[in-house]
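S.K.: Please work out how this folds:
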Amino acid sequence: MVHGKKKLLSSALRRIVRNSVQTDLCRAFQKTWPLLAGIVFVGTMLRFTNSNWDQFHAFHPDERNISWAVTRIRFWDHMNPEFFAYGGFPIYLYRIIADAVSALTHNPSWTTDWGHIAVLGRTVSAVMSSVSILLIAFVGAAYFSPAVGLVAAAIIAVSPWAVQQAHFSTTETMLVFFLLLLLSAMRPVRLLRDKRLIRTALVAGGIIGIAAGSKTIAVSYLAIPFVAYLLTAIRGKNVRLLLFPMLVTLLTGIMVFTVVSPYTFLDWNGFTRSMRYESGVALGTASVPYTLQFTGTLPYLYQFRTMLWQADIIPVLGLIGLAALILRFLCKKNPWLGIFLAFPLLYGTYVGSWFTKFDRYTVPFLPFVTIAAAWLLVEIYAKLSKKRPYLPVGLFVYLLIGLFHTWWGLANWTIYIRPQTRIEASRWIYTHIRPNATIYTEHWNDGLPVTIQDMAPVPYNRDLLTVYDPDTPQKLAYYADRFANGDVIILSTRRIWAVMPRLTEKYPLTSTMYRLLLAGSLGYRDVADFTSYPSFLGLTVNDDTAEESIQVFDHPTVRIFENVQRYSAREIGEILNGKLLRSKTFNSPVWGIDRNVKIEPLVHLVGS
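M.R.: Down below sits the predicted model:
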């Protein structure tokens, strides 16, 4: 009986694998729609869990920038967002929703408070990310088979990167949504059977226009229709099948882009100035504090490492799958694969070479990795099903892959059902740090403590440690004075303390200061740490070594140091000076001191 059921299940799976691409995608899942519906339901629940994870504090800096732009919009008196790192579409969309919610609730905070606006944007992200589960199933079925679509949907439903981005009001989920929508619109079946190619060109242009109106990088989506029209023209032996539809797509895209992001053109100077800055940051020609973590990192390999944090073993399978699909395309076994492969090859090659390697830059690439991984798994299963002695082992390996991927996804999801570390640290500070204590936090990091609704505010003397200022001999005196007169130092994320100690050439003094602080050698003791690492079923993974933006926004490691030794400024100066004198990096060009000149101690710069 059991053997019969296994045989029936195996036969059913083989039928799904053999099923060819169907024109009606709904019909492709007519027998498996309950499974697809269950996958979408689970993924949706994960994405909508605790959208207000930071209790309206807007800890994500990009969310703050977008929310700030939203507060500037007044339909129709003031339409210039004066912010161009992102397009106008999300800003106008969030403002429309904010106005509606504010009118319904009679609460103006939805249009004026950054944290409230961020929560609205996160809701939009969760909706788009949930729909993307369905879209990736359709894309997988259209380009490969319904089985590939189902497996891709199951993978993305619990993928940490997709769940995390759904909890941010940034535009990454929009980019994925419109990318999958475009792939669905350009699917080979439609191009082969629909003679009204212009309708496809119009739809493609509209999608690309809105996507580029969300973030300018989406202009690269044009690679998909270009390859699709090129293949159609080659098949039809008519160059007009390339030129005319491409022209229609371009013109439609420009018109739609102008409607959803008009001030890109109306404030052209502001837009180009912003793009120069953003491109400088991405390429490394503009040095900013939040990209120092990428100093000395290798292109492509670093992004691959980041993708492992974002999706565990799936990127390994996906890259193997993409390589196999490229070989199939080059061998002309399926030339229409060019439509699917065009964007990941272009985007991955270009963005992978950038100096700056934020995890969000890999997000548009990951849907292709997901589909390619699903295709590889289905292909391998199809071959194993013909060799029955190997089938049980193969199914066991698949089970392990599925369980591990699900565990890693749920482990990251639990971050949103636990207290946020900055908020927990703030509660501890209000409870354990005396009023009027002098508290130092780092600039370019969120200050703590934050306001807690159910706790009375406590007065503190709060100041910043300007650690990113250039290292000079005078900065030693600055540190000595600050450390001598401070009571508490709060490191609200690992952005600086995890990176600065290795920047010995650029920051010889400050890197030394952080090493001494973390070692407890400057009179400050680490009295409280707050972490919220990915954890599920009793297993916890420390992600302090992941690309920092995977952690620092929604679950940063917070460290609090208290002044227990009460060293004088001169004592601290002597500790720093002594360490520097023994350091090979002290004589760096930053200090303007010749390596061959005898170094004089700097203690004379420090007061008593």
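S.K.: Give me the pLDDT value at the residue nearest the centre of the chain.
M.R.: The chain has residue 360 as the residue nearest its centroid, 2.9 Å off, counting by Cα atoms, centre = their mean. According to the prediction, residue 360 has pLDDT 97.
S.K.: Tell me who's in contact with it.
M.R.: 165, 170, 172, 549 (Cβ atoms under 8 Å, 6 or more residues apart in numbering). For glycine as for every other residue, the C-beta is placed from the backbone atoms N, C-alpha and C.
S.K.: Then residue 50?
M.R.: Going by Cβ under 8 Å, 6+ apart, the list of residues near residue 50 reads 167, 416, 417.
S.K.: Present these as TSV; the columns should include pLDDT, neighbour count and secondary structure.
M.R.: Shown next, in TSV, are the contacts of residue 50 (pLDDT from 0 to 100; neighbours: other Cβ atoms under 10 Å; DSSP: H, G, I helix; E, B strand; the rest coil):
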residue	pLDDT	neighbour count	secondary structure
167	98	26	coil
416	98	22	helix
417	97	9	helix
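S.K.: Let me know the closest of these to residue 28.
M.R.: Closest approach to residue 28 among the contacts of residue 50 (Cβ to Cβ): residue 167, at 30.8 Å.
S.K.: separation between the closest residue to the closest one other than its chain neighbours and residue 552?
M.R.: Once flanking residues are discounted, residue 167 sits nearest to residue 122: 5.8 Å by Cβ to Cβ, 6 or more residues apart in numbering. Distance, residue 122 to residue 552, using Cβ to Cβ, to the nearest Å: 17 Å.
S.K.: One more: residue 120?
M.R.: 23 Å.
S.K.: Next: residue 76.
M.R.: For residue 76, the distance to residue 552 equals 38 Å [Cβ to Cβ].
S.K.: Between these two, point out the one with more neighbours.
M.R.: residue 552 (22 against 6; other Cβ atoms under 10 Å).
S.K.: Hmm, residue 147 is touching residue 378, no?
M.R.: Yes. Using Cβ atoms under 8 Å, residue 147 is in contact with residue 378, at 4.8 Å.
S.K.: And the two? Which one has more around it.
M.R.: Between residue 147 and residue 378, counting by other Cβ under 10 Å, residue 147 is the more crowded of the two (26 against 23).
S.K.: Which neighbouring elements make contact with the host helix or strand of that one?
M.R.: Element membership for residue 147, per DSSP states H and E: helix 146-158. Judged by 3 or more Cβ pairs under 8 Å, 6 or more residues apart in numbering; DSSP states H and E, helix 146-158 is in contact with helix 2-18, helix 33-48, helix 114-143, helix 366-384, helix 391-413.
S.K.: Next, the buried residues of that helix.
M.R.: 146-158 (16 or more other Cβ atoms under 10 Å).
S.K.: how much does that helix deviate in direction from helix 366-384?
M.R.: With axes from the mean of the first three to the mean of the last three Cα atoms, to 10 degrees defining the directions, helix 146-158 sits at 130 degrees from helix 366-384.
S.K.: could I get helix 146-158 in CSV with only the CA atoms?
M.R.: Extracted in CSV, the C-alpha atoms of helix 146-158 (Å, rounded to 0.1, in the frame of the first residue of the first chain):
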residue,chain,number,x,y,z
PRO,A,146,4.9,24.5,-13.5
ALA,A,147,7.1,22.4,-11.3
VAL,A,148,9.9,25.1,-11.5
GLY,A,149,7.3,27.8,-10.7
LEU,A,150,6.1,25.9,-7.6
VAL,A,151,9.6,25.3,-6.3
ALA,A,152,10.7,28.9,-6.9
ALA,A,153,7.6,30.1,-5.1
ALA,A,154,8.3,27.8,-2.1
ILE,A,155,11.9,29.1,-2.0
ILE,A,156,11.2,32.8,-2.2
ALA,A,157,8.3,32.5,0.3
VAL,A,158,10.7,31.9,3.2
